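Undergrad: Here is a sequence with its predicted model. Questions after.
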Amino acid sequence: MHASKDPLHGVTLEALVTALVNRYGWEELARRININCFKNDPSVKSSLKFLRRTPWARKEVEALYIDMLDEKEDAPPENGPWSHWRSKKGDE
C-alpha cells in the first residue's frame, strides 16, 4: 500500500472549510482570503458552492489549510513538559 504525501489527500472540501472556520472563525477567514462567501452571511454550504465553481478561490483556501497544518506541526505539544510554563517577566 502506498501512502500519499499530499496533505489534501482524502480531505473533503467540506472538512477543509469546517477546519478553517473552527481554527480562525469567519471574520479572520475573510481577512485572510478576501472572498464574499466568507464576509456576507457566511456558511459552510454557501462557501462550498462558491469554492466548487471558483478554482482560484479554492486554491487559496487549500493553501491556507496546508499552512494551518504546518502551524500545528510547529507548535509544541499541548500536554508536553513545558505546556504550563509561564514566563515571569516581572521577576527579572
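TA: Received, thanks.
Undergrad: contacts and neighbour counts: CA atoms only from here.
TA: Fine.
Undergrad: Please identify which helix or strand holds Gly25.
TA: helix 13-32 (DSSP states H and E).
Undergrad: Tell me which residues of that helix come out buried.
TA: 13, 16-17, 20-21, 26, 29-30 (16 or more other C-alpha atoms under 10 Å).
Undergrad: Also stretch 32-47?
TA: Buried residues in stretch 32-47 (16+ other C-alpha under 10 Å): 37-39, 44, 47.
Undergrad: Tell me which two of these sit farthest apart.
TA: Lys39 and Val44 (12.0 Å; C-alpha to C-alpha).
Undergrad: residue nearest the centroid of the protein?
TA: Leu20 (3.4 Å; C-alpha atoms, centre = their mean).
Undergrad: thought that residue was touching Tyr65?
TA: Yes - Leu20 sits in contact with Tyr65 when judged by C-alpha atoms under 8 Å, with a separation of 6.6 Å.
Undergrad: neighbouring contacts of the helix holding Gly25?
TA: Helix 13-32 has contacts (C-alpha atoms under 8 Å, 6 or more residues apart in numbering) with 36, 38-39, 42, 44, 47-48, 61-62, 65, 68.
Undergrad: Same list (those) but as a markdown table, adding pLDDT and secondary structure.
TA: A markdown table is the format used below for the contacts of helix 13-32 (pLDDT from 0 to 100; DSSP: H, G, I helix; E, B strand; the rest coil):
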| residue | pLDDT | secondary structure |
| --- | --- | --- |
| Asn36 | 93 | helix |
| Phe38 | 95 | helix |
| Lys39 | 94 | helix |
| Pro42 | 95 | coil |
| Val44 | 96 | helix |
| Ser47 | 96 | helix |
| Leu48 | 97 | helix |
| Val61 | 96 | helix |
| Glu62 | 95 | helix |
| Tyr65 | 95 | helix |
| Met68 | 92 | helix |
